[in-house]
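**Q** I would like the atomic coordinates for the input below:
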Amino acid sequence: MDDIDSAIVRELQRNARLTNRDLAHAVGVAPSTCLERVRLLRDRGVLIGYHAEVDLGALNRHVQAFLHVQVRPMSRDVIEGFKGYVAGLPEVLAVFVVAGGDDFLVHVAVPSVDALHSFLMDRFSQRREIVGFRSSVIYQHTRNRVIEPL
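**A** The predicted model follows:
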């Protein structure tokens, strides 16, 4: 990644809907050069997709939480099976397999605290591989929208 590639990635993270001409102007290269560089960034796996950001509240998902989950027995089959199950639930935004006291960190968004409780009781408490879980309600969050190469 050189400075031009980094600039292209930064601009696309800010606004993936930029036209090639506008992107080229923003990074100071010819449109043909920009088009080729974007293609190469996709081919190299640097750019892996484009998406629309959604307001969770507009989708009636006003409450977010992190769920800290421990599973047993600790095996690849159990981990992969649980990861697949959880990732398929509509309330789940992200699933992380982690080290430490917990085995999973699951990010969910639901309509209410009551809906979070129901989710935990209906979807988690009856799973045999889960030996423990706890939730942390998210009051606010901020994330970096532009990730710079290190």
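
**Q** what distance separates stretch 137-146 from the centre of its chain?
**A** 12 Å (CA atoms, centre = their mean, to the nearest Å).

**Q** average pLDDT for it, rounded please.
**A** Mean pLDDT, computed over stretch 137-146, is 92.

**Q** please apply the same query to stretch 41-58.
**A** Mean pLDDT, computed over stretch 41-58, is 94.

**Q** which one is the residue nearest the centre of the chain nearest to, not counting chain neighbours?
**A** Central residue of the chain (CA atoms, centre = their mean): Ala94, 5.3 Å from the mean position. Of all residues not flanking Ala94 in the chain, His107 sits nearest, at 4.3 Å (CB to CB, 6 or more residues apart in numbering). From N, CA and C alone the C-beta is placed, and that goes for glycine too.

**Q** that neighbour: neighbouring residues, count only.
**A** 16 (other CB atoms under 10 Å).

**Q** could you do Glu91 as well?
**A** By other CB under 10 Å, 19 other residues sit near Glu91.

**Q** ok, His141 next?
**A** 7.

**Q** what secondary structure does the residue nearest to it when sequence neighbours are not counted sit in?
**A** In this structure, His141 finds its nearest non-sequential neighbour in Gln64, 7.3 Å apart by CB to CB, 6+ apart. At Gln64 the chain is in strand, as set by DSSP: H, G, I helix; E, B strand; the rest coil.

**Q** residues in contact with the one helix or strand Arg39 maps to: which ones?
**A** Assessed by DSSP states H and E, Arg39 sits inside helix 31-43. Contacts with helix 31-43, where a contact means CB atoms under 8 Å, 6 or more residues apart in numbering, come from 4-5, 8-9, 12, 20-21, 23-24, 27, 29, 47-48.

**Q** from these, which two are the most distant?
**A** With distances taken as CB to CB, the most widely separated pair in these is Arg21 and Ile48, at 23.5 Å.
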